[in-house]
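In: Whatever this is, show me its structure:
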Amino acid sequence: MHKVPNERQGLRVVDPDQVCDATAVLADHDELSRAATVLDALGEVNRLSILLALHHAGDLCVSDLAVSVGMSDSAVSHALRLLRAHGIVTAHREGRLVRYRVAEGTARRLLEVVSEDAVAPMKLHAHGHADPQDVVTG
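Out: I've put the predicted structure just below:
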């Protein structure tokens, strides 16, 4: 049985099996909306910079993020509020500081893919080990 919605039954279809498959993979509208939100967040250079900084350097507070990405504290705070509202970053308190991190899920996986092209291989200082993206050349 093909899964073409009733309102689209009777429309001209060249390959019903492929239409069925394409319709089936698009069936979960809530998950599609969540994925689109993540892609939207990654599509703006300042938010992407914040997310890459968090992804590679680890948990950071607003002021450290602001210095890292070259933005004001208020601009970083605004971006983090948006990212947090969409579940892309989480926050945790350490005394008086609030530190942010990239949440598990789609955003984290996409940042791995983006990092392959956008992040230069280097040894990171804070963690005392090489970033997993490092490329060792002989």
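
In: could you say what helices and strands the worst-scoring helix or strand of the chain on mean pLDDT packs with?
Out: Sorting the helices and strands of the chain by mean pLDDT, DSSP states H and E puts helix 16-25 at the bottom, at a mean of 83. Helices and strands in packing contact with helix 16-25 are not found; criterion 3 or more C-beta pairs under 8 Å, 6 or more residues apart in numbering; DSSP states H and E. The C-beta positions use only the backbone N, C-alpha and C, and glycine is treated the same way.

In: List the buried residues of that helix.
Out: Val19 (16 or more other C-beta atoms under 10 Å).

In: Downstream of it, the next helix or strand is which one?
Out: Downstream of helix 16-25, the first helix or strand assigned by DSSP states H and E is helix 29-42.

In: That following helix: what's the following helix or strand?
Out: Counting by DSSP H and E, the next helix or strand C-terminal to helix 29-42 is helix 45-57.

In: Using CSV, write out the CA atom coordinates for the very next helix or strand once past that next one.
Out: The element immediately downstream of helix 45-57 (helix or strand, assigned by DSSP H and E) is helix 62-69. What follows is helix 62-69, C-alpha atoms only, in CSV (Å, rounded to 0.1, in the frame of the first residue of the first chain):
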residue,chain,number,x,y,z
VAL,A,62,29.4,34.3,28.0
SER,A,63,32.4,36.5,28.5
ASP,A,64,34.9,33.9,27.4
LEU,A,65,32.7,33.1,24.4
ALA,A,66,32.5,36.8,23.5
VAL,A,67,36.3,37.2,23.5
SER,A,68,36.7,34.0,21.5
VAL,A,69,34.2,34.8,18.7
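
In: Identify all contacting residues around helix 62-69.
Out: Helix 62-69 has contacts (C-beta atoms under 8 Å, 6 or more residues apart in numbering) with 46, 49-50, 53-54, 57, 60, 71-73, 75-77, 80, 98, 100.

In: Which residue in those has the weakest pLDDT?
Out: Note: of those, the lowest pLDDT belongs to Ala57, at 91.

In: what's the neighbour count on that one?
Out: 16 (other C-beta atoms under 10 Å).
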